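In: structure here, sequence nowhere to be found:
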């Protein structure tokens, strides 16, 4: 079973603050890492798929980095807005498996 | 383009009753997934279809759960009989290709099941 850890479990920030979360996973047999955002009462939304060590991806104010050698990814949000409030999920995949294994997520609340 | 459609959005039943969830994936998407999300946990894969073939159902509790994807489009997930521990969110997702490792999966809004 793939052990995926996300930290922190929850986070409260003020509007305008920048923040970041961590996703840790086994580095052995790594294939790809997915990040999703899930707002309450909505569908989970794909943010990034990352495969290469040192990858950096950006979508608006959200960016992510990937370190496959040490088994972690950071998600950054610059200048948080209330609409960024959601649970952010990461899901690595391994060679030999077609399965996403999701972490428990980081729940972000941005206070106006 | 319409997203993944799921119905119902909410369902409350008594234990031992049957329940069914329906999913209509994005048009043209060959791969369909059903996930279970328990409170405080990440989604867990129950079954993955490539067209009408179930290619990974290793996590589906086959004593009470069943699924079908007739004609390789819509899919139905059934629980019979439901137990209290089945209370959860059931998510459907689809992807255009067949690489579960790198394809982006597009999720529906889920069905929240409460078993009393």
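Out: Sure, I can see it. Small disclaimer: the values here were computed from a predicted structure and weren't measured.

In: contact residues of chain A facing chain B?
Out: Where chain A comes near chain B, counting by CB under 8 Å from any CB of the partner chain, the residues are A:4, A:31-32, A:34, A:36, A:41-46, A:49, A:51, A:89, A:91, A:93-95, A:97-105. The C-beta positions use only the backbone N, C-alpha and C, and glycine is treated the same way.

In: and the pLDDT at the nearest residue in space to residue B:116 that is not next to it in sequence?
Out: The spatially closest residue to residue B:116, leaving aside those adjacent along the chain, is residue B:14, at 5.3 Å (CB to CB, 6 or more residues apart in numbering or on different chains). What the model reports for residue B:14 is a pLDDT of 97.

In: was I right to think residue B:14 contacts residue B:114?
Out: No - between residue B:14 and residue B:114 no contact is recorded; they are 10.0 Å apart, counting by CB atoms under 8 Å.

In: could you give the number of residues near residue A:14?
Out: 10 (other CB atoms under 10 Å in any protein chain shown).

In: residue B:14 and residue B:114: which has the busier surroundings?
Out: Relative neighbour count places residue B:114 above the other of residue B:14 and residue B:114, with 13 against 10, counting by other CB under 10 Å.

In: hang on, the more buried one packs against residue B:86?
Out: No - distance between residue B:114 and residue B:86: 9.4 Å, which falls outside the contact criterion (CB under 8 Å).

In: can you go through the residues of chain A next to chain B and name the buried ones?
Out: For these, a neighbour count by 16 or more other CB atoms under 10 Å in any protein chain shown gives the buried set as A:4, A:31-32, A:34, A:36, A:43-44, A:46, A:49, A:89, A:91, A:93-94, A:98-105.

In: now residue B:47, nearest residue through space, not along the chain?
Out: residue B:57 (4.5 Å).

In: which element follows the worst-scoring helix or strand of chain B on mean pLDDT toward the C-terminus?
Out: Taking mean pLDDT, DSSP states H and E as the measure, the helices and strands of chain B show their lowest mean at strand B:53-56, namely a mean of 93. Taking DSSP states H and E as the definition, the helix or strand that follows strand B:53-56 towards the C-terminus is strand B:65-68.

In: which parts of the next helix or strand along the chain from that following strand are buried?
Out: Downstream of strand B:65-68, the first helix or strand assigned by DSSP H and E is strand B:75-79. For strand B:75-79, the buried set under the neighbour-count rule, 16+ other CB under 10 Å, comprises B:75, B:77, B:79.

In: format the residues you listed as TSV; extra columns: pLDDT.
Out: Listed next are the buried residues of strand B:75-79 as TSV, based on pLDDT from 0 to 100:
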residue	pLDDT
B:75	97
B:77	98
B:79	98
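
In: just checking, residue A:12 touches residue A:111?
Out: Yes - Residue A:12 is in contact with residue A:111 according to CB under 8 Å; the separation is 6.5 Å.

In: how about the residues of chain B by chain A?
Out: Taking CB under 8 Å from any CB as the criterion, chain B approaches chain A at residues B:3-4, B:40-45, B:48, B:55-56, B:91, B:93, B:99-102, B:104-110.
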